[in-house]
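Novice: Below are the sequence and a predicted model for it; my questions follow.
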Amino acid sequence: MEAKEDLERDWSSLLPEVLNLISKKLGEVSDFVRFRAVCRAWCSSNTINDLPPQFPWILENRESPYESDPRFYSIPFGKIYTINASKSLGNMLLRPSDGYFKLYHGADEIAFLNPLNNHKISLPAYDFDYEYSYWIGPRKNQIGKLVVYVVCFGHAEFQTPKLVSCHLGQDKWCELNLDSDYLNCDLNSCYLFYHKHMLFNVERHTGVTKVTDIVTGNRAYVIPPIEGYLAKQVEFIVDASRDILRVFLHYNGLYYYWFDVYRLDLIGSSSPCWVKINSIGNQALFIDAYGCFALGASDFTGIKENCIYSFKRINRIWDGPFYVVEKIDIETGAREQLSCPLKEPALWFVPSLQRF
């Protein structure tokens, strides 16, 4: 009799306080989604904003955009997720930002997709009659609106690069006027980074960083190169909470590598410079072939502060190569290898159920 009453219990009548306590213990995305799918009462007791911040997932590389649905791996939960992202079919998934990927399918379509909720944002068509393009965003501009910026590069000998922008929800692109000397380069000779309406342009052959205010179009300041700068180094510029970091990847032979980290010192702003550091405080850096981003370690379960997470390929004669995630302590250099069962990791992705 008691068993029958238990089966017939109305679980939708649980007090909101109890539901809130339960949901806070659901750290995994799939558990959180299932919890909200039980009934209307459970769904309304929590919004998608209540999902705890997620340790970045690893996207598996797809040899063809027409392959099956994308696969991701979660390190903390040791699980592989296959996401039914039908709107990604035929597109490459590039440069994730705030839970969205840029969909790339030549010039046929320009769009962003959140694979967890299949929310797609299409941008107006634009004739990118340039050989290469560098995408930034979506990012919030000085008034809080989401904007996509694209730097278009052609052949340096006869085609001057240009910067265009599009506000999400609008139906046109606008060309922005910048200092004519600022974009006097091609994509292979510079490294670009956007931070709070400032566009950073690192000249690869000199190491000089030119910073331009894209609102006014004027040069903000010029930062001299770091001591011992080498033009062929792999580098990233990162927005890390209140700091702007510059990360260099060094190789010694085929398999050993290490990182150097610098912070932009703007004190006085009349003579800004890059200062080498061995601590980034509560931050952690995630690096892949497409770039680097920072997360506050205390906001995410499982992330260790002052560390760099990157992919490492290990070659074995008897069963071929495999990949691991290597966690490197910036201060001590200590390394720890974390397993990664994916065939080939492509990039880091921070899962989110929220929409832009």
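Specialist: Received the coordinates, thanks.
Novice: in the chain, what secondary structure element scores lowest on mean pLDDT?
Specialist: Ranked by mean pLDDT, DSSP states H and E, the weakest helix or strand in the chain is helix 2-7, scoring a mean of 53.
Novice: helix or strand right after that one?
Specialist: helix 16-23 (DSSP states H and E).
Novice: list the buried ones in that next one?
Specialist: Buried residues in helix 16-23, counted by 16 or more other CB atoms under 10 Å: L19, S23. Backbone N, C-alpha and C define where each C-beta goes, glycine included.
Novice: same question, stretch 279-287
Specialist: Using 16+ other CB under 10 Å as the test for burial, stretch 279-287 gives I280, N282, Q283, A284, L285, F286, I287.
Novice: And for stretch 324-334?
Specialist: V324, V325, E326, K327, I328, D329, I330.
Novice: Report the buried residues of stretch 23-31.
Specialist: Within stretch 23-31, the residues scored as buried using 16+ other CB under 10 Å are S23, L26, G27, E28, V29.
Novice: Apart from its chain neighbours, what residue comes closest to the fourth one?
Specialist: Beyond its immediate neighbours in the sequence, the residue positioned closest to E28 (CB to CB, 6 or more residues apart in numbering) is F77, lying 5.5 Å away.
Novice: Tell me how many other residues crowd that neighbour.
Specialist: 17 (other CB atoms under 10 Å).
Novice: So it belongs to a helix, correct?
Specialist: No: applying DSSP: H, G, I helix; E, B strand; the rest coil, one finds F77 to be coil, outside a helix.
Novice: Tell me how far stretch 80-100 lies from the chain's centre.
Specialist: Here stretch 80-100 is found 13 Å from its chain centre; the criterion is CA atoms, centre = their mean, to the nearest Å.
Novice: what does stretch 345-356 give?
Specialist: Centre to centre, stretch against its chain (CA atoms, centre = their mean), the figure for stretch 345-356 is 8 Å.
Novice: sorry, back to before: in strands only, show me the buried residues of stretch 23-31.
Specialist: Using DSSP state E, no member of those falls in strands.
Novice: Quick check: of those residues, which lies closest to D319?
Specialist: Taking CB to CB as the measure, D319 sits nearest to E28 out of the buried residues of stretch 23-31, at 31.0 Å.
Novice: Do me a favour and get the end-to-end distance for stretch 42-61?
Specialist: 36 Å (CA to CA, to the nearest Å).
Novice: same question, stretch 28-48
Specialist: Length of stretch 28-48, first residue to last, CA to CA: 13 Å.
Novice: tell me the mean pLDDT for it?
Specialist: Average pLDDT, stretch 28-48: 83.
Novice: Give me the contact list for that stretch.
Specialist: Stretch 28-48 is contacted from outside by 11-14, 16, 19-20, 22-23, 26, 50-51, 54, 74, 77, 79, 81, 116, 351, 353-354, using CB atoms under 8 Å, 6 or more residues apart in numbering.
Novice: what packs against the helix or strand in which H250 is found?
Specialist: Per DSSP H and E: H250 is located in strand 243-252. Contact here means 3 or more CB pairs under 8 Å, 6 or more residues apart in numbering; DSSP states H and E; on that basis strand 243-252 packs against strand 234-240, strand 256-265, strand 283-288.
Novice: Quickly compare those strands and say which is most buried.
Specialist: Highest mean neighbour count among the helices and strands packed on strand 243-252 (mean count of other CB atoms under 10 Å): strand 283-288, with a mean of 22.
Novice: and the angle from that strand to strand 234-240?
Specialist: Using axes from the mean of the first three to the mean of the last three CA atoms, to 10 degrees, one finds that strand 283-288 and strand 234-240 are set 140 degrees apart in direction.
Novice: State the mean pLDDT of strand 283-288.
Specialist: Taken as a whole, strand 283-288 has a mean pLDDT of 94.
Novice: Repeat that for stretch 342-356.
Specialist: The pLDDT scores in stretch 342-356 average 88.
Novice: Now that stretch: buried residues?
Specialist: In terms of neighbour count (16+ other CB under 10 Å), stretch 342-356 has its buried residues at L342, P345, A346, L347, W348, F349, V350, P351, S352, L353.
Novice: Which residue is the nearest non-sequential neighbour of the first one?
Specialist: Okay, so that is L342. Excluding its sequence neighbours, the residue lying closest to L342 (CB to CB, 6+ apart) is E60, at 4.3 Å.
Novice: follow-up on the earlier one: can you give the distance of the strand holding H250 from its chain's centre?
Specialist: Here the centre of mass of C-alpha atoms in strand 243-252, compared against the chain's by CA atoms, centre = their mean, lies 16 Å away.
Novice: In the stretch 51-200 of the chain, what residue spans correspond to strands?
Specialist: Remark: strands assigned in the stretch 51-200 of the chain by DSSP state E, counting those that start in this stretch are 57-60, 71-74, 79-82, 92-97, 100-104, 110-114, 119-122, 132-140, 146-153, 162-167, 174-176, 190-195, 198-203.
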